[in-house]
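Trainee: What shape does this take:
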Amino acid sequence: MAFQFTINGDRHSVDVDGDTPLLWVLRDVLGMTGTKFGCGMALCGACTVHVDGAPTRACVTPVSAVAGKKITTIEAIGADPVGNAVQTAWLELGVPQCGYCQSGQIMAATALLHQNPKPSDADIDAAMSGNLCRCGTYPRIRAAIKQVASGGGGRKS
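Mentor: Prediction:
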């Protein structure tokens, strides 16, 4: 069955089973490999994308659930001013170590800052709690989010 949606501003139509996870449509059908597979059960956050602006776990979201919606992936988050600021802060503070979880972390942080531009530590903990980092860079993740919230980490020329 064909499903249509907008990904990173471009219209796409894919002919897959409706229960195919969005993650596999992104990675295997459309070749967008920035969104990672971690656990396959929506527990780690590596597969986080935005669906109509909301952070969504692509590994458990059937493609039929996103028909007609707007999806943003890590490949385009830098075009968003907040996403760009998050990516810049991530680099400035050396957040990633292995980097595997970082696309999901950045997507979750960007969604948080869109919803709450001045999050408290508790807000950050709540928004980021489902995103696991095996390298334990949580203090740098929090610092990067706080840097963006305080006006740092903006666009670089």
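Trainee: quick one: low-confidence ranges for this protein?
Mentor: Low-confidence segments of the chain (pLDDT under 70): 152-157.
Trainee: Tell me where it has strands.
Mentor: 2-7, 10-15, 48-51, 54-57, 70-72 (DSSP state E).
Trainee: Turn those strands into CSV, including distance to Asp28 and mean neighbour count.
Mentor: Yep, even glycine has a C-beta here, placed from its N, CA and C like the rest. What follows is these, written out as CSV (distance: least, C-beta to C-beta, whole Å; neighbours: other C-beta atoms under 10 Å):
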stretch, distance to Asp28, mean neighbour count
strand 2-7, 14, 16
strand 10-15, 10, 11
strand 48-51, 15, 25
strand 54-57, 17, 20
strand 70-72, 15, 20
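Trainee: would you turn those strands into JSON lines with distance to Pro119?
Mentor: Formatted as JSON lines, the strands of the chain follow (distance: least, C-beta to C-beta, whole Å):
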{"stretch": "strand 2-7", "distance to Pro119": "27"}
{"stretch": "strand 10-15", "distance to Pro119": "31"}
{"stretch": "strand 48-51", "distance to Pro119": "17"}
{"stretch": "strand 54-57", "distance to Pro119": "14"}
{"stretch": "strand 70-72", "distance to Pro119": "20"}
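Trainee: can you tell me which residues contact Pro119?
Mentor: Applying C-beta atoms under 8 Å, 6 or more residues apart in numbering to Pro119 gives the contacts Leu112, Leu113, Ala127, Ile145, Ala149.
Trainee: Greatest separation within the residues you listed: which pair is it?
Mentor: Pairwise distances across the contacts of Pro119 (C-beta to C-beta) peak at 11.8 Å, for the pair Ala127 and Ala149.
Trainee: Contacts made by stretch 46-59 with the rest, please.
Mentor: Outside of stretch 46-59, the residues within contact range by C-beta under 8 Å, 6+ apart are 21-23, 26, 35-42, 45, 61, 66, 69-74, 77, 100-101, 103-104, 107-108, 110-111, 114, 131-132.
Trainee: ok, longest helix in this protein?
Mentor: helix 102-115 (DSSP state H).
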